[in-house]
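Asks: Using only what follows, build the 3D model:
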Amino acid sequence: KITDALLKQLDDANWKERGEGLEKAAEVLREAHGRIEPTLGGLPKALKGRLADSNKNHICTTLLLIGDLFAAMGKGAVRHVNNMLPPVLKAFADSKTLVRTAAGTCMDRVAEAVGLQVLVESIAAALAGDANPNLRADLCAWTSARLDRDGFQQNCRAFVLGELVK
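Replies: Numbers count the residues shown, from 1 in each chain. Here you go, the predicted model:
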């Protein structure tokens, strides 16, 4: 159901067309009743492009759609982590709280689908070097909360967070 026309619409110069494309992609996911195969064709590339959109509402919608996509793929989504996660993590650097919150929601869905251990390398890469202060603060807070939710002990959480921010 992901057609070339839909992919083209997601990349349209007109913000209204891009928004309609995001709605159509969400509808395709809803019609699949939240269960899809991890073969997505050109959809990951199109969604990554929307994470750099000038329209913050489109970025938030895309983040939520990516989270739903990972949830629908389940463990099979592991193959898309290295490709799709870096731009999702960059959303934690946005100046708008709404975008950073949507990034956290997306990451919750991704972590539920593939497991936190799969995400550690990508999170460490995002925190490396001169990471944006918003990214560093919000991504560390998300990681800490996720470790807590997943039942990691305090000393283990401190070790993991210490390793991530080296």
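Asks: Just the element for residue 148, please.
Replies: Assigned by DSSP states H and E, residue 148 falls within helix 133-149.
Asks: Now that helix: buried residues?
Replies: Within helix 133-149, the residues scored as buried using 16 or more other Cβ atoms under 10 Å are 134, 135, 136, 138, 139, 140, 142, 143, 144, 146, 147. Every C-beta, even on glycine, is put in place using the N, C-alpha and C of the backbone.
Asks: so can I have JSON lines of the residues you listed showing distance to residue 103 and pLDDT?
Replies: Putting those into JSON lines (distance: Cβ to Cβ, whole Å; pLDDT from 0 to 100) gives the following:
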{"residue": "134", "distance to residue 103": "10", "pLDDT": "92"}
{"residue": "135", "distance to residue 103": "9", "pLDDT": "93"}
{"residue": "136", "distance to residue 103": "13", "pLDDT": "90"}
{"residue": "138", "distance to residue 103": "8", "pLDDT": "94"}
{"residue": "139", "distance to residue 103": "8", "pLDDT": "92"}
{"residue": "140", "distance to residue 103": "13", "pLDDT": "88"}
{"residue": "142", "distance to residue 103": "8", "pLDDT": "93"}
{"residue": "143", "distance to residue 103": "12", "pLDDT": "89"}
{"residue": "144", "distance to residue 103": "15", "pLDDT": "86"}
{"residue": "146", "distance to residue 103": "13", "pLDDT": "89"}
{"residue": "147", "distance to residue 103": "17", "pLDDT": "85"}
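Asks: Take those residues and lay them out in CSV including distance to residue 53.
Replies: Shown next, in CSV, are these (distance: Cβ to Cβ, whole Å):
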residue, distance to residue 53
134, 18
135, 18
136, 23
138, 20
139, 21
140, 26
142, 22
143, 26
144, 29
146, 26
147, 31
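Asks: Which stretches in this protein count as helices?
Replies: 4-10, 15-31, 43-50, 56-73, 81-90, 97-114, 116-127, 133-149, 154-164 (DSSP state H).
Asks: Looking at those, spot the one closest to residue 37.
Replies: With distances scored as Cβ to Cβ, the stretch of the helices of the chain nearest to residue 37 is helix 56-73 (7.4 Å).
Asks: What average pLDDT does that closest one get?
Replies: For helix 56-73, mean pLDDT rounds to 95.
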